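>>> Quick one: sequence plus predicted model below, questions after.
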Amino acid sequence: MSCDLTLARKITKSNVKKAITLITKRSTDKKRRKDMEEVANDRKAHYCKRFQGGRRSRMSLVGFSKSLALSEMQSYITRQDWRNAINLFPRLLEYPVELEPLVWRYAIIILLHTNDPSHLRQFFEQCIGNQSSDNRIMLRRLLLLPLEE
């Protein structure tokens, strides 16, 4: 019994104050830790959204390669993926003059494969001055032109 009395502590005002400060300090530390975890999670979510394309209005951070764009255009044309070819075409117009024949070739290929025949008729009227209603004759003439070497 004497052992129980020696182990028992006295409850004093100072010990109660120490216990209260210890408890409140731990709760504020937990609160700070939760706040910091929330900030870290918000940062992670922000960066993940950036890479997932969450906002389409921002400029892309990825570089644009001329050779990659040309190979993509060629693959779109071979797969007859006209929607993506039309979307990529304005980027090809930014290239220097030495690629202009290739850009014109892609433009004509896309134009010939559109579903609207009025586009082709308008092209012939504006660029060539063709006023005939039969576009097949004009296409045959264009295809029979000799190649320059």
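Structure's in. What do you need? What you are looking at is a predicted structure, and each value in this text was computed from that prediction instead of being measured.
>>> got the contact list for A107?
F89 (Cβ atoms under 8 Å, 6 or more residues apart in numbering). Quick note: C-beta positions are derived from backbone N, CA and C, even for glycine.
>>> rerun at 10 Å
Counting by Cβ atoms under 10 Å, 6 or more residues apart in numbering, A107 makes contact with F89, L92, L93, F123.
>>> Local confidence estimate at the last one?
The model reports F123 with a pLDDT of 72.
>>> For it, which three-state class applies?
Secondary structure state of F123, per DSSP: H, G, I helix; E, B strand; the rest coil, is helix.
>>> Tell me how many other residues crowd the nearest residue to it once chain neighbours are set aside.
In space, and not counting its chain neighbours, F123 is closest to L111: 5.8 Å by Cβ to Cβ, 6 or more residues apart in numbering. Here the number of neighbours of L111 (other Cβ atoms under 10 Å) works out to 13.
>>> ok, L111 touching S118?
No. Using Cβ atoms under 10 Å, L111 is not in contact with S118; the gap is 11.3 Å.
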